[in-house]
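Q: output the structure for:
(2 chains)
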Amino acid sequence: MAAPGIVMDSNHQSNYKLSKTEKKLLRKQIKARHTLLRHEGIETVSYATQSLIVANGGLGNQVSRNQLLPVLEKCGLVDALLMPPNKPYSCVRYKTVEESKKAYDTLSGKEIVDDLGQKIILYLNFVEKAQWKELGLQALPPGLKVIEEIISSEDEKMLLESVNWTEDTENQNCLPDICESILEKWLKEGFIKHKPDQLTINQYEPGHGIPAHIDTHSAFEDEIISLSLGSEIVMDFKHPDGMTVPVMLPCRSLLVMTGESRYLWTHGITPRKFDTVQASKGHKSGIITSDVEDLTLNKRGIRTSFTFRKVRQTPCNCSYPLVCDSQMKETPASFPESDKEALQLEQDYVHRVYEEIARHFSSTRHTPWPHIVEFLKALPSGSLVADIGCGNGKYLGINNELYMIGCDHSQNLVDICRERQYQAFVCDALAVPIRSGSCDACISIAVIHHFATAERRVAALQELVRLLRPGGKALIYVWAMEQEYNKKKSKYLRENRTSQGMKEEISNDASVQELLVKQLPNVGNQDSAHSVSSINDFQDGGCNSKNVANSKLPIHTNRTSFHSQDLLVPWHFKGNPGKDKRVEPFGPLGSRDPGPVFHRYYHVFCEGELEAACRTLNNISILQSYYDQGNWCVILQKV
Amino acid sequence: MLPGAARDTNRPRLQRAPEVQKFRRFRSSQVSNRIERDSPGNDVERDHSPSGSGFAGAGSVDMRLLTHNLLSSHVRGVGPRGFPLRLQATEVRINPVEFNPDFIVRMIPKVEWAALLEAADHLHLIQVPKEPIQGYEHNEEFLRKMHHVLLEVEVLEGTLQCPESGRVFPISRGIPNMLLSDEETET
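A: So this is what the prediction gives:
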């Protein structure tokens, strides 16, 4: 191929005497073309088209959309910018060939600064439209395969009919014969490398989904495969960096997840009745790119998935320790001795956890508590209110007359607020980026108990007060150590008896959503059998926080009384997608699909502790101090 | 019609998902459309009314200028010199919100006007009143303009820069990320 610069630009007037820098640029450009072809299979062309590959301008080499797009836009209207994850290039399409040409001429060899502040030189080359579509396929998460039409329609029918959805919660000890023969076939044909020994069958009706998650590392081996029957669906894969890739899983296709796509990327299905798909591709597999002209809606049908996994016998030793429960377990959490340790503890046992469980957590947080609603509704019309630690935005829409903004440490939870049309941003509750004295009111619901030292808890309170204008009010809720107060057991405790009954009722139309709420720890719901005595213990205001330095943080057993003020509370992620349609898994595992367990750090407050902490601030007065369903609560006012 | 005329979000277009949003890029004089990747979840997630006055269009809501007016840099040591944050946007859209004059009247005294003007200028908004006019409580034209500027202009992609330290915070998919790194928060 002739050097592009010369072919393209007629103004060169066949003057082959290029300057030294021009020659160098040309060399680098050619090198980029070869690298793209050799390593990425991307063919560049030497005539102008609307689309360009921008080598060195990719997410894989720390160039973000924020930096690249303005640069590209200077040359013309950008129709689309595709930035495949972990790749050192991007693909840009301009509205017209002229604009694309302009970009090519002006941006080749251009120096920009990446996310880490390092200088990057961009090299641009033209590509054909068809290449653009292929690039989409290359953007599949590493280790992911979708094999289409892997079974016949007859087999599909047979498999669907073989599922017995009623009562039978007895676990079987081996996979059904029909599955055995199919698996053997796939092994032989090389579609899968290992023989699974566990099967879970789920059914998704339109509107059902499953929150984004990673299958527990310690429970299952690398290869996880899922057969889609009855209907196609779009599954979303998300990289920890935030990149989301929607993948179409056609009917009768097999999804194979290995390596990075199994261990690092989360996968989930958004609960909705329609998926956005590529019109041209119909029901073919592949990622759904942002090709504006090609998108259309696809109505969902009932999809049944057969997910086969191989049970793990030894701890996981993958290359992704931060999301690996086997490897994370090796360092037990201990009571922090310094601010730095506290920060790390909060990072590992609060922030990281909420990011992973965000959507699932949100689905169990839908009922606003009456006293909090009362507080918000009593505020004057037109008040500016900040919800510090807003979570999924549960309280941001309670009172239309207010202008409420929420903030949370978890990007995933803030995303949910945005979806619900609330104003929210990501920040740390110890450094809230809101100007001092601007808020008429603030709320902090179930937040401060996640800070690991008394100093940090007070600092969080200080921030709340700083935001308030004089006369402004703040409402604070924290989890109480005392779970039975005035001889009345909190909801958490009362749930214990009913939850047993709920378990047996799974197959009898019990809503899974309800089941989750009742079984999982809700803030303010705890169990205490020995409550009366524990109230007496703490009656004198001071709490005996017996935290010995370097002591391990105890792991709390849900629905029992708290024996320590600083502890880890398990969150059981149950990936139940549909109502009463969950068949017990087959296989040697015996009990139901374990699901990941996350530990969240809490410092539960004893009576008077929150009030005492507030009183250390000298510019407030306490208006109310009360107990509400397992929480200690304070309403204070800035003087 | 207000500048940057509102698009009708309620009527689905042929071949386009109603759940998918379209944008107008605010700087160029031509209109360009892009598809947003996220679609909102199912109807269950939309049962709460949005913050502020009235009902916003279907889909998500991004950072409004009223929110920007409250944000201030919390980089160590800058204090009040961290306000206002310098706003730059690469993607902006207009999202109509039902006009509630009482609400706007109550908001006006709480707005830091210089900061609002600066932000509006960076977004190339025209017709932004330079200051609250006399008797604004009864001036519908003024209130409507303020309603538009404060509540209907949303930033999807851009940056917020601390005027004192120069630290840049990204706005991505309508959400400002104001988290400081561990090194920046070290005492």
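Q: when you work out contacts or count neighbours from here on, use the C-alpha atoms and nothing else.
A: Fine.
Q: please export the C-alpha coordinates of the longest helix along chain A as PDB.
A: In chain A, taking DSSP state H as the definition, the longest helix is helix A:20-40. Included here for helix A:20-40 are C-alpha records, laid out as PDB according to Å, rounded to 0.1, in the frame of the first residue of the first chain:
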ATOM      1  CA  LYS A  20      12.100  14.600   8.500                       C
ATOM      2  CA  THR A  21       9.100  14.900  10.900                       C
ATOM      3  CA  GLU A  22       6.700  14.100   8.100                       C
ATOM      4  CA  LYS A  23       8.700  11.000   7.300                       C
ATOM      5  CA  LYS A  24       8.700   9.900  10.900                       C
ATOM      6  CA  LEU A  25       5.000  10.400  11.200                       C
ATOM      7  CA  LEU A  26       4.500   8.400   8.100                       C
ATOM      8  CA  ARG A  27       6.600   5.500   9.400                       C
ATOM      9  CA  LYS A  28       4.700   5.500  12.700                       C
ATOM     10  CA  GLN A  29       1.400   5.500  10.900                       C
ATOM     11  CA  ILE A  30       2.400   2.600   8.800                       C
ATOM     12  CA  LYS A  31       3.600   0.800  11.900                       C
ATOM     13  CA  ALA A  32       0.200   1.400  13.500                       C
ATOM     14  CA  ARG A  33      -1.600   0.000  10.500                       C
ATOM     15  CA  HIS A  34       0.500  -3.200  10.600                       C
ATOM     16  CA  THR A  35       0.100  -3.600  14.400                       C
ATOM     17  CA  LEU A  36      -3.700  -3.200  14.000                       C
ATOM     18  CA  LEU A  37      -3.800  -5.800  11.300                       C
ATOM     19  CA  ARG A  38      -1.500  -8.300  13.000                       C
ATOM     20  CA  HIS A  39      -2.600  -8.000  16.600                       C
ATOM     21  CA  GLU A  40      -6.200  -7.000  16.300                       C
END
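Q: now it: buried residues?
A: Judged by neighbour count (16 or more other Cα atoms under 10 Å in any protein chain shown), helix A:20-40 contains these buried residues: A:25-26, A:28-30, A:32-34, A:36.
Q: of those residues, which are in range of chain B?
A: With respect to chain B, and counting by Cα under 8 Å from any Cα of the partner chain, no part of the buried residues of helix A:20-40 is in contact.
Q: ok so, going back, so what touches the longest helix of chain A?
A: Contacts made with helix A:20-40 from outside it, assessed by Cα atoms under 8 Å, 6 or more residues apart in numbering or on different chains, are listed as A:3, A:5, A:42-44, A:55, A:108-109, A:123-125.
Q: how about the strands in the stretch 1-150 of chain A?
A: For the stretch 1-150 of chain A, the strands defined by DSSP state E, counting those that start in this stretch cover A:51-55, A:78-82, A:89-94, A:111-113, A:119-121, A:123-127, A:144-147.
Q: relative to strand A:51-55, how tilted is the longest helix of chain A?
A: If you take axes from the mean of the first three to the mean of the last three Cα atoms, to 10 degrees, helix A:20-40 sits at 100 degrees to strand A:51-55.
Q: ok so, going back, which one of the contacts of helix A:20-40 has the most neighbours?
A: Tallying neighbours with other Cα atoms under 10 Å in any protein chain shown puts A:Leu124 at the head of these, with 29 neighbours.
Q: A:Gly60 versus the residue nearest to that residue when sequence neighbours are not counted, what's the distance?
A: The shortest distance from A:Leu124 to any non-neighbouring residue, by Cα to Cα, 6 or more residues apart in numbering or on different chains, is to A:Val54 (4.7 Å). Going from A:Val54 to A:Gly60 by Cα to Cα, to the nearest Å gives 12 Å.
Q: quick one: distance of stretch A:153-160 to the chain centre.
A: Mean C-alpha position of stretch A:153-160 versus that of the full chain (Cα atoms, centre = their mean, to the nearest Å) differs by 34 Å.
Q: and that stretch, what's buried?
A: Burial within stretch A:153-160, assessed by neighbour count using 16+ other Cα under 10 Å, is assigned to A:Glu156.
Q: may I have that stretch exported as CSV, CA atoms only?
A: In CSV, the C-alpha atoms belonging to stretch A:153-160 read as follows (Å, rounded to 0.1, in the frame of the first residue of the first chain):
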residue,chain,number,x,y,z
SER,A,153,-36.1,-27.0,18.3
GLU,A,154,-37.1,-30.5,19.2
ASP,A,155,-34.5,-30.8,21.9
GLU,A,156,-35.5,-27.4,23.2
LYS,A,157,-39.1,-28.5,23.5
MET,A,158,-38.0,-31.7,25.2
LEU,A,159,-35.9,-29.9,27.7
LEU,A,160,-38.6,-27.3,28.5
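Q: mean confidence for it?
A: In this model, stretch A:153-160 has a mean pLDDT of 91.
Q: next: stretch B:82-95.
A: Computed over stretch B:82-95, the mean pLDDT rounds to 92.
Q: can I get it in PDB, CA atoms only?
A: Once side chains and other backbone atoms are set aside, the C-alpha atoms of stretch B:82-95 remain, and they are given as PDB (Å, rounded to 0.1, in the frame of the first residue of the first chain):
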ATOM      1  CA  GLY B  82     -13.500  26.300  46.000                       C
ATOM      2  CA  PHE B  83     -16.700  27.800  44.800                       C
ATOM      3  CA  PRO B  84     -18.000  28.000  42.100                       C
ATOM      4  CA  LEU B  85     -16.800  24.900  40.200                       C
ATOM      5  CA  ARG B  86     -15.900  25.700  36.700                       C
ATOM      6  CA  LEU B  87     -18.300  23.900  34.400                       C
ATOM      7  CA  GLN B  88     -17.300  22.500  31.000                       C
ATOM      8  CA  ALA B  89     -19.700  20.300  29.100                       C
ATOM      9  CA  THR B  90     -19.300  18.100  26.000                       C
ATOM     10  CA  GLU B  91     -22.900  16.800  26.100                       C
ATOM     11  CA  VAL B  92     -25.900  18.800  27.200                       C
ATOM     12  CA  ARG B  93     -29.600  18.300  26.800                       C
ATOM     13  CA  ILE B  94     -32.800  20.000  27.400                       C
ATOM     14  CA  ASN B  95     -35.300  18.100  29.500                       C
END
